[in-house]
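Asks: Build me a model:
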Amino acid sequence: MTETVEFDYVIVGAGSAGCVLANRLSADPGSRVCLIEAGKEDKSLLVKMPAGVGGLLKQPNPQNWFFHTEPQKHLGDRKLYWPRGKGWGGSSSINGMIYIRGHARDYDQWRQMGLTGWGYDDVLPYFKKAEGYDEGEDEFHGRDGPLKVTNSRYDDPIYEMFVRAGEAAGYPLTDDFNGAQQEGMGPYQRNIYQGERCSAARAYLRPIAGSRDNLAIHSTGLVTKILVEGKRTVGVETASGKGGATKRTIKARREVIVCAGAVQSPQLLMLSGIGDPEEMARHGIETLHAAPEIGKNLQDHLDVTIVHDMTEKASAHSKQAGLKKLAVGLSFLLRRKGAGTDNFLQAGAFLKTREGLDRPDIQLHLVNAIMIEHGFQEIKKDGFTIHACQLRPESRGEIGLNSADPFAAPRIDPNYLDSEEDRRVMREAVRMVRSICAQAPLDRLRGDEIMPPGDPQGDDEIDAFVRETSETIYHPVGTVRMGADECAPLDGALRMRGLDGLRVIDASVMPTLIGGNTNAPTIMIAEKIADRIIAG
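Replies: Numbering: from 1, shown residues only. Okay, the predicted model is just below:
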């Protein structure tokens with residue numbers, strides 16, 4: 001027997017966008033809202049404690065889907081690990097807690113593509129609306145928003161040394177990557193508040209969960225299909241319990257809003273008969289609405305790491321080694337103090353690999369720890385890691401289906417380094433980071449270079465290093481893009497073209513990858529469209 005219930009809005013996915021929409025749409029007591037999430041509540045200590053991020057990435061746990069890509073032809077046929085958030089907060093509950101918006105030109109480019117209302121001046125008010133910045137309100141920042149943002153405190157010497165080393169290498173400084181000047185070396189702003197991770201769930205969902213009679217939250221229920229009648233979506237089907245035995249039909253009087261992310265939103269659409277007819281036919285799925293670009297246009301930030309030993313016991317390893325790990329945990333649990341409140345990601349950079357660029361094309365993250373292959377290679381000694389990623393890759397991949405089974409993982413093919421320009425940028429990024437590491441301000445702490453091994457120098461050697469070791473830094477977008485052209489699955493209001501009652505609101509809608517971490521832009525997008533929906 002299948003239970004049937006009805007709401008005004010049905011939101012699929014309690015990730016960054018879904019949490020925002022659940023909060024904003026249910027603020028009207030006259031609207032009945034249902035939020036459906038395949039995972040559990042975000043009660044894990046590893047989620048709350050910023051230092052727990054490493055465990056969330058490398059250990060099987062209920063907060064992580066643990067996806068893998070197809071063999072990557074330009075990366076030695078390696079299958080890359082893709083962590084994606086599962087449960088309240090989605091990927092905002094397992095990410096590195098870096099708050100970055102991207103460059104103003106990224107959004108002006110969207111406007112130039114014909115997406116009226118998506119220029120930087122249009123989106124800045126929604127970044128500010130979402131933000132609760134600890135330094136207060138100014139031209140670029142909001143003070144009263146639910147998403148708490150704090151400045152890094154540079155409480156380990158490596159961060160200041162790194163920034164000064166970049167300055168010595170000839171790069172500019174900036175004190176606010178989200179302000180007037182993104183380019184340069186500087187401190188990160190982070191979603192850490194009162195010692196805890198401030199995920200989208202903590203910011204938007206937890207404050208209202210259980211207190212609004214018009215909001216229903218269904219956890220551990222996988223949406224298996226979007227229901228379509230004629231040219232209108234009317235609801236969803238879910239499965240939960242052992243083997244998905246418990247079925248439920250949830251009807252939507254106004255809209256179904258898909259917020260399952262850049263990987264699972266296109267997967268769910270195709271499983272429902274909405275997408276590329278050829279892709280769906282391969283798995284015996286009837287086409288109900290043809291939208292050939294769904295799943296295409298996949299873009300991600302490929303990342304390579306440069307790793308050094310450290311000459312002093314000044315990294316996360318020594319702070320948490322042996323019995324200190326217990327003390328760290330107790331200090332966090334009892335007082336929300338100590339190393340447990342740190343993500344060890346307090347400084348970074350946005351730099352240009354060549355002259356003539358209108359904005360930085362690489363991003364650096366300094367980690368005060370040795371972190372190789374997402375932390376799966378556990379090296380028990382002090383060191384530091386510099387992640388370098390290309391911000392605007394030319395290569396395009398796709399999300400497809402492996403099966404018509406909604407419980408099966410999707411097919412993920414990012415097609416990394418398909419472009420020669422992408423290979424050039426990654427090669428130059430390695431050289432730039434090694435140059436920064438060689439500068440005098442890092443002399444006191446810099447030990448031997450662990451990565452890359454063998455001291456590669458020539459183009460071919462560096463290309464081989466990138467090919468053999470690069471990984472994702474977790475920023476996939478673009479697979480259900482919005483656009484002014486009729487080929488785009490979504491219009492500028494994120495409505496599905498040719499199908500009433502359906503929107504997609506998450507990182508999949510971005511037509512191009514923004515220059516930075518993608519959580520803050522996803523929250524901004526949800527804030528903006530929530531206003532649009534409420535205004536009617």
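
Asks: going forward, measure contacts between C-alpha atoms and count neighbours the same way
Replies: Noted.

Asks: buried sites along the lengthiest strand in the chain?
Replies: Using DSSP state E, we find that the single longest strand of the chain is strand 246-258. Residues of strand 246-258 classed as buried: Lys247, Arg248, Thr249, Ile250, Lys251, Ala252, Arg253, Arg254, Glu255, Val256, Ile257, Val258 (neighbour count, 16 or more other CA atoms under 10 Å).

Asks: Next: stretch 86-94.
Replies: Within stretch 86-94, the residues scored as buried using 16+ other CA under 10 Å are Lys86, Gly87, Trp88, Gly89, Gly90, Ser91, Ser92, Ser93, Ile94.

Asks: so who does the last one touch?
Replies: Spelled out, it's Ile94. Residues counted as contacts of Ile94 (CA atoms under 8 Å, 6 or more residues apart in numbering) are Val47, Val53, Leu56, Leu57, Gln63, Asn64, Arg84, Gly85.

Asks: hang on, the earlier thing: between all of the buried residues of strand 246-258, which two are separated the most?
Replies: Pairwise distances across the buried residues of strand 246-258 (CA to CA) peak at 22.0 Å, for the pair Lys247 and Arg254.

Asks: one step back: could you redo the buried residues of stretch 86-94 as TSV and give each row pLDDT?
Replies: TSV is the format used below for these (pLDDT from 0 to 100):
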residue	pLDDT
Lys86	97
Gly87	97
Trp88	98
Gly89	98
Gly90	98
Ser91	98
Ser92	98
Ser93	97
Ile94	97
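
Asks: what's the longest strand of the chain packed up against?
Replies: Judged by 3 or more CA pairs under 8 Å, 6 or more residues apart in numbering; DSSP states H and E, the packing partners of strand 246-258 are strand 3-12, strand 232-240, strand 502-504.

Asks: tell me the angle of the longest one relative to strand 232-240?
Replies: Going back to what we said before, that points to strand 3-12. 100 degrees (axes from the mean of the first three to the mean of the last three CA atoms, to 10 degrees).

Asks: Would you mind listing the buried residues in strand 3-12?
Replies: Glu6, Phe7, Asp8, Tyr9, Val10, Ile11, Val12.

Asks: can you map out the strands along the stretch 251-400 of the chain?
Replies: 274-275, 289-290, 302-310, 347-351, 362-367, 383-390, 398-400 (DSSP state E, counting those that start in this stretch).

Asks: how about those strands in JSON lines, adding mean pLDDT and distance to Thr469?
Replies: As requested, the strands of the stretch 251-400 of the chain are arranged in JSON lines below (pLDDT from 0 to 100; distance: least, CA to CA, whole Å):
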{"stretch": "strand 274-275", "mean pLDDT": "98", "distance to Thr469": "34"}
{"stretch": "strand 289-290", "mean pLDDT": "98", "distance to Thr469": "38"}
{"stretch": "strand 302-310", "mean pLDDT": "98", "distance to Thr469": "7"}
{"stretch": "strand 347-351", "mean pLDDT": "98", "distance to Thr469": "21"}
{"stretch": "strand 362-367", "mean pLDDT": "98", "distance to Thr469": "16"}
{"stretch": "strand 383-390", "mean pLDDT": "98", "distance to Thr469": "12"}
{"stretch": "strand 398-400", "mean pLDDT": "98", "distance to Thr469": "22"}
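
Asks: What about the closest residue to Phe67 other than its chain neighbours, how many residues nearby?
Replies: In space, and not counting its chain neighbours, Phe67 is closest to Trp82: 4.9 Å by CA to CA, 6 or more residues apart in numbering. Applying other CA atoms under 10 Å, we find 22 residues neighbouring Trp82.

Asks: likewise Val20?
Replies: For Val20, using other CA under 10 Å, the count is 26.

Asks: so where is the stretch 51-200 of the chain shaky, pLDDT-wise?
Replies: Applying pLDDT under 70 to the stretch 51-200 of the chain flags no residue at all.

Asks: Which parts of the stretch 51-200 of the chain are strands?
Replies: 67-68, 81-82, 98-99, 131-133, 147-151, 184-187, 189-190, 192-193, 196-197.

Asks: I'd like those laid out as a markdown table, including distance to Ile523.
Replies: As requested, these are arranged in a markdown table below (distance: least, CA to CA, whole Å):
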| stretch | distance to Ile523 |
| --- | --- |
| strand 67-68 | 23 |
| strand 81-82 | 21 |
| strand 98-99 | 11 |
| strand 131-133 | 10 |
| strand 147-151 | 9 |
| strand 184-187 | 22 |
| strand 189-190 | 15 |
| strand 192-193 | 16 |
| strand 196-197 | 16 |
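
Asks: Which one of the ones you listed lies nearest to Ala165?
Replies: Of the strands of the stretch 51-200 of the chain, the one closest to Ala165 (CA to CA) turns out to be strand 184-187, at 9.2 Å.

Asks: First-to-last residue distance for stretch 249-267?
Replies: Taking CA to CA, to the nearest Å as the measure, stretch 249-267 stretches 19 Å from start to finish.

Asks: ok now that stretch, how far from the chain's centre?
Replies: The chain centre lies 19 Å from the centre of stretch 249-267; the measure is CA atoms, centre = their mean, to the nearest Å.
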